[in-house]
Structure formats: C-alpha cells, structure tokens
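Asks: This is the structure alone, sequence omitted:
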C-alpha cells in the first residue's frame, strides 16, 4: 500500500481542527490518521498562506475589475457576479498574479505568451 496523498482541502480542514479552542494537535493527528510532525508542517504552511487553494486546480475564479482601473481586481463570489454583455474591449494595463508563499507575477500588456506559459507551468506543484 502506497503513501496517503492529502488534498489541500483535507490538509486545511485538519489544520483548522487544531485551531479550535482546547484542541490538541496530537489528538487531532491521531483521530485523522496523520503523523503529528506532519500536521505541524501543515500548520506552518497554513500560517504562511500556502493552503489557501489548490494550485493544480483548473477552475476559473470570477473577478471584478474597477471601472477606473485604479484598484486591483478582487475575487468575487458567484452571487456577486452577473453576466456582462460582450463587446469590443481594448486591452490595456497589467495583470497581477499572486500565489501566496510561492510567487508574485506582473504581466504587462504585450507580454510574450510563450514565456508567460513557461513561467506559469514552472509554478505547478
């Protein structure tokens, strides 16, 4: 039998159990079938923002872009997003991508697509 592979969601759920008032890391680890030392590593990753989302997911996140372009885009819930009529859009500005604890990337207008693809693929876990 091989090693158990824990998803980011499972790790986050287990770490959050240890953050409950009065929780014991050793007891949570035993109840969940995780080595306590491994759980301490997950807790550190959690504190560093490394367990926020699964970077290997191909799901798209909805964003809201400020009309004046002066503020950074914010992630919106599905309830906050509404269909927008497609129309000609003049590309401008930049895209800022942050992978907490891993990388921060700014992509300016006219960036080389092949280079960008290579950079993003190198960040996959």
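Replies: Received, thanks. Not measured: the values here are computed from a predicted model.

Asks: quick one: the strands in this structure?
Replies: Assigned by DSSP state E, the chain shows strands spanning 63-64, 74-75, 94-99, 103-108.

Asks: In the last one, which of the residues would be classed as buried?
Replies: Okay, so that is strand 103-108. Judged by neighbour count using 16 or more other C-beta atoms under 10 Å, the buried positions of strand 103-108 are residue 107. In short, each C-beta sits where N, CA and C put it, glycine included.

Asks: and that strand, what other elements does it pack with?
Replies: strand 94-99, helix 113-122 (3 or more C-beta pairs under 8 Å, 6 or more residues apart in numbering; DSSP states H and E).

Asks: and that strand with strand 94-99, angle?
Replies: 170 degrees (axes from the mean of the first three to the mean of the last three C-alpha atoms, to 10 degrees).

Asks: any idea of the mean pLDDT in strand 103-108?
Replies: Confidence for strand 103-108, expressed as mean pLDDT, is 82.

Asks: which residues are contacting it?
Replies: 94-98, 116, 119-120, 123 (C-beta atoms under 8 Å, 6 or more residues apart in numbering).

Asks: For that strand, which strands pair with it and how are they oriented?
Replies: Strand pairing for strand 103-108, determined by DSSP bridges: strand 94-99 (antiparallel).

Asks: what residues does the strand it pairs with touch?
Replies: Contacts for strand 94-99 (C-beta under 8 Å, 6+ apart): 55, 72, 103-109, 123.

Asks: Do you know the pLDDT at residue 31?
Replies: pLDDT at residue 31 comes out at 95.
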